[in-house]
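> Mind folding the following:
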Amino acid sequence: TKEEAAKHTTTTTLILGSDTIVDLDGTILEKPKNTKEAIEMVRTLSGNVHRVHTGVAIYKVRGNRPTELVTSFTETATVTFASLSEKDIEAYVATGEPMDKAGAYGIQGIGGQFVETITGDFFAVMGLPMHRVSKA
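So this is what the prediction gives:
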């Protein structure tokens, strides 16, 4: 039967999940729900330092065996945002880029021009700390 075959399978599947949040002085900025919220988030980040936390979990699935957590971790980077004019903020949000990004900006896109400095893993800010994942 299929159930018996699954019990004896040697196929292993790894499942990787990750999510990113922006932390501004203890206030968590997730993805904006609308344009107004995106403008407010970018305005709040303007001229400030914030932290970006990306959590990662890797699971192993093999046949009918219980799913096994291989590893989980959080990678954090500190980002300094430039001071932006209201015109810059509105123009950026009008691109639509911020709408599916934690903290309403994407460092890998247009929003990257607002980042003055970054301490830590660039890829953690992007949403997947590749080097650390490769070592897991």
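
> quick one: K87 from Y59, how far?
46 Å (C-beta to C-beta, to the nearest Å). Any C-beta I mention is one placed from the backbone N, CA and C, and that applies to glycine too.

> Among these two, which residue is more densely surrounded?
Taking neighbours as other C-beta atoms under 10 Å, K87 and Y59 compare with Y59 leading, 15 against 8.

> wait, the more buried one sits on E68?
Yes - at 6.6 Å, Y59 counts as touching E68 under the criterion of C-beta atoms under 8 Å.

> Find the residues that touch each one of those two.
In terms of C-beta atoms under 8 Å, 6 or more residues apart in numbering, Y59 and E68 are not both contacted by any residue.

> Strands of this protein, residue ranges please.
12-24, 27-29, 49-62, 68-81, 115-119 (DSSP state E).

> And the ones you listed: which comes nearest K135?
Taking C-beta to C-beta, strand 68-81 is the member of the strands of the chain nearest to K135, at 9.5 Å.

> Going by neighbour count, which residues in the closest one are buried?
75-77, 79, 81 (16 or more other C-beta atoms under 10 Å).

> Could you give the number of residues near V93?
23.

> any weak-confidence spans in this protein?
For the chain, the stretches flagged by pLDDT under 70 are 1-9.

> could you point out the longest helix in it?
Taking DSSP state H as the criterion, the chain has its longest helix at helix 35-45.
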